[in-house]
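Peer 1: Whatever this is, show me its structure:
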Amino acid sequence: MLALELTQLIEQSGKHWVSEIECSRLIWWNGQWCRVDAVATQLRLEHRESFASYKAAVAMEK
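Peer 2: Modelled structure (predicted):
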């Protein structure tokens with residue numbers, strides 16, 4: 001969970017912040033109640049630069 005002071009500092013900088021919550025939870029977003037997973041999908045499509053993809057290398061032993 002983010003501390004109130006940290007979230008206020010981030011928002012004053014004009015940035016969005018994200019905290020881990022259940023994907024089916026409803027949040028107030030752009031004037032309406034939306035599921036978190038729907039907002040995440042929208043943000044990934046509209047702001048691809050903010051979502052870095054990565055691949056983890058897995059070493060397998062014989």
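
Peer 1: Give me the below-cutoff pLDDT ranges for the chain.
Peer 2: Along the chain, segments meeting pLDDT under 70 span 1-2, 52-62.

Peer 1: So which residues of it form helices?
Peer 2: 4-12, 36-46 (DSSP state H).

Peer 1: and the ones you listed, which is most packed in?
Peer 2: Sort the helices of the chain by mean neighbour count, taking mean count of other CB atoms under 10 Å, and helix 36-46 sits at the top with a mean of 13. For the C-beta atoms, the positions are set from N, CA and C on the backbone; glycine is no exception.

Peer 1: which outside residues touch that one?
Peer 2: 21, 22, 23, 24, 25, 26, 27, 29, 50, 51 (CB atoms under 8 Å, 6 or more residues apart in numbering).

Peer 1: repeat that for 6 Å
Peer 2: 21, 23, 25, 27, 29, 51 (CB atoms under 6 Å, 6 or more residues apart in numbering).
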